[in-house]
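Student: Sequence first, then the predicted structure:
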Amino acid sequence: MAALTQHAHALEARHGLTVHADLRAEPDLDPDAQAAAYRVAQEALHNVVKHARAAQVWLSLSQTGDMVTLHVRDDGRGFDPGAQGRGTLGQRSMRERASGAGGTLVVDSAPGQGSAVTLTLPRGRA
């Protein structure tokens, strides 16, 4: 996920965010799942910049057993996910990417509490 590390550094430089990145070894994902993980992270980080008014973002990628988990959390203003029905176009896009790669996406937020996006994908190479 070298591209994700570069993206995080660019966000820091361009938008003055502090990005706490914990991106260990390259995850054991097939190319489609790896692309989905990158695109979901990219969209989640874009949402932080565009909507959250956050000062800090935590970005992590971990592999446990048969699962790879991508977690993006911010200290921004948060929102009420239930008030958006099925979510914004960006959220729907992230959910579709997760589903298409055999994974799940959870968006957790509350007004004044920041937001967290968690993508879980099955590991393994095609």
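Tutor: Received, thanks.
Student: make it CA atoms for all contacts and neighbour counts henceforth
Tutor: OK.
Student: show me the contacts for Asp28.
Tutor: Each residue near Asp28 by CA atoms under 8 Å, 6 or more residues apart in numbering is listed here: 63, 68, 123-125.
Student: Give me the buried entries from the residues you listed.
Tutor: 63, 68, 123 (16 or more other CA atoms under 10 Å).
Student: distance between the ends of stretch 25-32?
Tutor: Stretch 25-32 has an end-to-end distance of 18 Å (CA to CA, to the nearest Å).
Student: hmm, who's touching the strand or helix carrying Ser93?
Tutor: Per DSSP states H and E, Ser93 falls inside helix 89-100. Contacts to helix 89-100, defined as CA under 8 Å, 6+ apart, come from residues 36-37, 39-40, 43, 47, 86, 104-105, 119-121.
Student: could you give the mean pLDDT of that helix?
Tutor: If you average the pLDDT over helix 89-100, you get 92.
Student: elements contacting the helix ranked longest in the chain?
Tutor: Counting by DSSP state H, the longest helix found in the chain is helix 31-47. In this structure, helix 31-47 makes packing contacts with helix 2-15, strand 67-74, helix 89-100, strand 115-122, judged by 3 or more CA pairs under 8 Å, 6 or more residues apart in numbering; DSSP states H and E.
Student: what's in contact with the first one?
Tutor: Read it as helix 2-15. With contacts defined as CA under 8 Å, 6+ apart, helix 2-15 is touched by 17-19, 21, 23, 38, 41-42, 49.
Student: With respect to Ala110, which of these is nearest?
Tutor: For these, the minimum distance to Ala110 (CA to CA) is 17.2 Å, reached by Val49.
Student: and Val49, what is it in contact with?
Tutor: Taking CA under 8 Å, 6+ apart, one finds His15 in contact with Val49.
Student: secondary structure class for it?
Tutor: For Val49, the secondary structure call by DSSP: H, G, I helix; E, B strand; the rest coil comes out as helix.
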